[in-house]
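> just a sequence and a predicted model for now, questions to come.
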Amino acid sequence: MSKWNKHEVKASLIGKHQHLFSCPVCSQPMRMVEGKSLLCTNQHCYDLSKHGYLHLSARSHKTKYDKQLFTSRRMMCNNGLFDPLNEAISCTMMKFMKPLFDHKSHLYLLDAGCGEGSHSTHIQDKLTGKGITELTSVGMDLSKEGIVAAAKAYPYSLWCVADLAHCPFANQQFDAVLNILSPSNYAEFKRILGEDGCILKVIPEQHYLQELRCLYEQKKPAYSNDNILSRFKDNFILLSAERVTYRFMLNADLVEPLLHMTPLSWGATEADWQRMEKIDLPYVTVDLLILCGKK
Ligand SMILES: [Zn+2]
């Protein structure tokens, strides 16, 4: 083994999968050059960052909330908040992607709107446990803070700052697109998804984190995801819609990260925070819908 540093290992990994990428500016193919940059045939150049991710967007999104949100979200993910969800997603993939798993020697998974990267990483771990070992996971998000956190924690996947409206990938490269509690761009998802690939979209159901919603003085109107569901069905053949509902037991250490991991808390007033910090929250309800579709 030569004395490669992490950066070189990452550049080599991206080079191996360079066919996935297309230039976000001109859509031309890209290739890894000099072990440090992706270069398109029109000479648009994207350097690999020191943390090992690619910045493939003209813009990025950064707010003062991001770092705390992603740290909190990582802590909740690592403590199992979404474990039953991730298990259900991996089972859905095993059910509907069996022909792909049987016939392709290598598969590609895209997590579109990956944040700090825990969902796709944990889902890949579950797939590995079910015998799916030849799979490369790619995460994209417009939030640089999220991608930095993902690249630092999970060096064996590919991570990029990228814009859903201009996904920096060639046509039909992915066998599965994950889109978990995150905005969509269905035209782009259809373009980059392979013929037999599946999209797995997770949306909140009525009781998702209801204990937190109840903490606010001004209650939101009843939630409905009818519009999201009908838009999904306008774009994909719906293979399954599975509701996953469970209570996640909290210990005292997890209340604060739970309050900080979701944009729900962004609307909280000072009075809300004072009340929330004193609250005894024994559990929180997770109530989500997994939509699985194909082109
Ligand atoms: Zn270009």
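Sure, I can see it.
> where in the stretch 151-295 of the chain is pLDDT low?
By pLDDT under 70, the low-scoring segments of the stretch 151-295 of the chain are 216-223, 263-267.
> find the closest residue to the ion in it.
residue 168 (9.8 Å; Cβ to the ion). Every residue, glycine included, has its C-beta placed from N, CA and C.
> and that residue, backbone torsions?
Main-chain dihedrals, residue 168, degrees, to the nearest 10: phi -80, psi 50.
> how far away is it from residue 140?
8 Å (Cβ to Cβ, to the nearest Å).
> cool, residue 257 as well?
Where residue 140 is concerned, residue 257 sits at a distance of 24 Å (Cβ to Cβ).
> go on, residue 27?
16 Å.
> which of these two has more residues huddled nearby?
Using other Cβ atoms under 10 Å as the criterion, residue 27 and residue 140 rank with residue 140 on top: 26 against 14.
> doesn't residue 115 make contact with that one?
No - between residue 140 and residue 115 there is no contact under Cβ atoms under 8 Å: 10.4 Å.
> what residues are up against residue 237?
When contacts are counted by Cβ atoms under 8 Å, 6 or more residues apart in numbering, residue 237 touches 293, 294, 295.
> so what sits opposite it in the bridge?
In this entry, residue 237 is beta-bridged to residue 294, by DSSP bridges.
> do the same with the one 5 residues further on
Judged by DSSP bridges, the bridge partners of residue 242 are residue 290.
> got it, and the one 5 residues further on?
Beta-bridge pairing of residue 247, defined through DSSP bridges, involves residue 285.
> contacting residues for it?
Contacts of residue 247 by Cβ under 8 Å, 6+ apart are 283, 284, 285, 286.
> how distant is stretch 192-205 from the center of its chain?
12 Å (Cα atoms, centre = their mean, to the nearest Å).
> buried set for it?
192, 193, 194, 197, 198, 199, 200, 201, 202, 203, 205 (16 or more other Cβ atoms under 10 Å).
> and the furthest pair within these?
194 and 205 (29.1 Å; Cβ to Cβ).
> phi first, then psi, for the residue positioned nearest the centre of the chain.
Centrality entry for the chain: nearest residue to the mean C-alpha point is residue 114, 2.3 Å, by Cα atoms, centre = their mean. Dihedral pair for residue 114: phi -80, psi -10, per degrees, to the nearest 10.
> who are the contact partners of it?
Counting by Cβ under 8 Å, 6+ apart, residue 114 has contacts 120, 139, 140, 141, 146, 147, 150, 159, 178, 182.
> re the thing from before, of the contacts of residue 247, closest to residue 23?
For the contacts of residue 247, the nearest to residue 23 is residue 286 (38.9 Å; Cβ to Cβ).
> shouldn't that closest one be in contact with residue 84?
Yes - with contact defined as Cβ under 8 Å, residue 286 reaches residue 84; the gap is 7.4 Å.
> of these two, who's got more company?
More crowded of residue 286 and residue 84, by other Cβ under 10 Å: residue 286, with 21 against 15.
> look at residue 6 and say how many residues are nearby.
Quick note: residue 6 (other Cβ under 10 Å) scores 11 neighbours.
> next, count neighbours for residue 215.
18.
> do you have the helices of the stretch 101-250 of the chain handy? List them.
In the stretch 101-250 of the chain, the segments counted as helices under DSSP state H, counting those that start in this stretch are 118-129, 144-153, 186-192, 210-213, 226-235.
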